[in-house]
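Trainee: coords please:
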Amino acid sequence: MGKVREEHIRPGLLSDFILGSQDGLVNVLGILLGLAAATSDIRIIIIAALAALGAESVSMGAVAYTSTLARRKVYEAEVQRELQEMRDVPDIEREEVRTIFRDWGYSGDELEELVRRVESKPKAMLDLMMAFELKLAPVEVAQPRNSALVVFGATVVGSLIPLVPFLVAGHAIVDAAYASILVSGAALFGIGWYEARTTVGPFWKSGLRMLLIGLGAGFAGFLIGHFAGAL
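Mentor: Sure thing, here's the model as predicted:
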């Protein structure tokens, strides 16, 4: 019999992809629709969108790096604090382990045996306390860099999706705007579908939610551009 291959999606990378792609797409779509409502100069529209693409992608990548690095520093600080408490107040730490297992339904001799076994393995005890007392997940050394790269790349790709129709439409700004809305809507629904496929829940609900959020932000950009142009 052949081996069944199990694929696991890392939650951090999935959230980074969704964050970058949705943010880039929604922001650039709003800018494009706002400028399309305010000016008929295609050059201004494209230059502004490209400037937004560059600034947004670099900014989002930098934020992903610094925020993930901060999570790693917090985790490392809590590890040191927990190790200190295991040395200084072992009775309190032992009772915290007992409480965790008691909440899981263990009691009596079985509970005490589990506590003794965990206490005899400091690494197991530390991991247990970090995960189930402090509710913290480990952050690997390379994770800040990986998160920044994923968010940066996803933001660039997401930003290009609504921009492409304007790059190929020439001076037909209205047609480019309609085409941008269509391709952006399809991309947003696809992002929501991918999220549901890799997690749980109906794909149509996730896709529709992503679609409404994205197009709602784009419509806000259109209204601002429309009234700014009128003024």
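
Trainee: so which strand or helix has Asn140?
Mentor: For the record, residue 140 is Glu, not Asn. Following DSSP states H and E, one finds Glu140 outside all helices and strands.

Trainee: return the residues in contact with the closest residue to it other than its chain neighbours.
Mentor: Closest residue to Glu140 apart from its sequence neighbours, by CB to CB, 6 or more residues apart in numbering: Arg72 at 7.9 Å. All C-beta spots, glycine's among them, are computed from the backbone N, C-alpha and C. Contacts for Arg72 were tallied using CB atoms under 8 Å, 6 or more residues apart in numbering; they are 139-141, 143-144.

Trainee: packing partners of the worst-scoring helix or strand of the chain on mean pLDDT?
Mentor: In the chain, the helix or strand scored least confidently by mean pLDDT, DSSP states H and E is helix 203-230, which has a mean of 72. If contacts are counted by 3 or more CB pairs under 8 Å, 6 or more residues apart in numbering; DSSP states H and E, helix 203-230 sits against helix 11-38, helix 173-198.

Trainee: quickly find the element holding the residue nearest to Glu140.
Mentor: Applying DSSP H and E, one finds Arg72 within helix 42-88.

Trainee: ok, now Arg116?
Mentor: Here Arg116 is assigned to helix 108-119, by DSSP H and E.

Trainee: quick one, that helix and helix 42-88 angle?
Mentor: Here helix 108-119 runs at an angle of 110 degrees relative to helix 42-88 (axes from the mean of the first three to the mean of the last three CA atoms, to 10 degrees).

Trainee: and helix 108-119, what's buried?
Mentor: Within helix 108-119, the residues scored as buried using 16 or more other CB atoms under 10 Å are 111, 114-115, 118-119.

Trainee: next one: the nearest residue to Val141 once chain neighbours are set aside relative to Leu14, how far apart?
Mentor: Of all residues not flanking Val141 in the chain, Arg72 sits nearest, at 7.6 Å (CB to CB, 6+ apart). Per CB to CB, to the nearest Å, Arg72 is found 19 Å from Leu14.

Trainee: what of Gly170?
Mentor: Separation of Gly170 from Leu14 (CB to CB) stands at 38 Å.

Trainee: that older thread, show the pLDDT at the residue nearest to Glu140.
Mentor: pLDDT for Arg72: 94.

Trainee: so which of the helices and strands packed on helix 203-230 is nearest Ala220?
Mentor: helix 11-38 (6.3 Å; CB to CB).

Trainee: contacting residues for Gly192?
Mentor: Here Gly192 is in contact with 203, 206-211 (CB under 8 Å, 6+ apart).

Trainee: closest to Thr39 among the residues you listed?
Mentor: In terms of CB to CB, no member of the contacts of Gly192 lies closer to Thr39 than Leu211, at 27.1 Å.

Trainee: any stretches of the protein with poor pLDDT?
Mentor: 1-12, 196-203, 221, 225-231 (pLDDT under 70).

Trainee: can you do 90?
Mentor: Residue ranges of the chain with pLDDT under 90: 1-27, 29-42, 133, 137-139, 168-174, 177-178, 181, 184-231.

Trainee: care to break it down by domain?
Mentor: 11-70+141-225, 74-132 (automatic domain parsing).

Trainee: got the angle between the least confident helix or strand of the chain and helix 11-38?
Mentor: Per the same axes, to 10 degrees, the angle that helix 203-230 makes with helix 11-38 is 30 degrees.

Trainee: buried stuff in helix 203-230?
Mentor: 206-207, 209-211, 214-215, 217-218, 221-222, 224-225.
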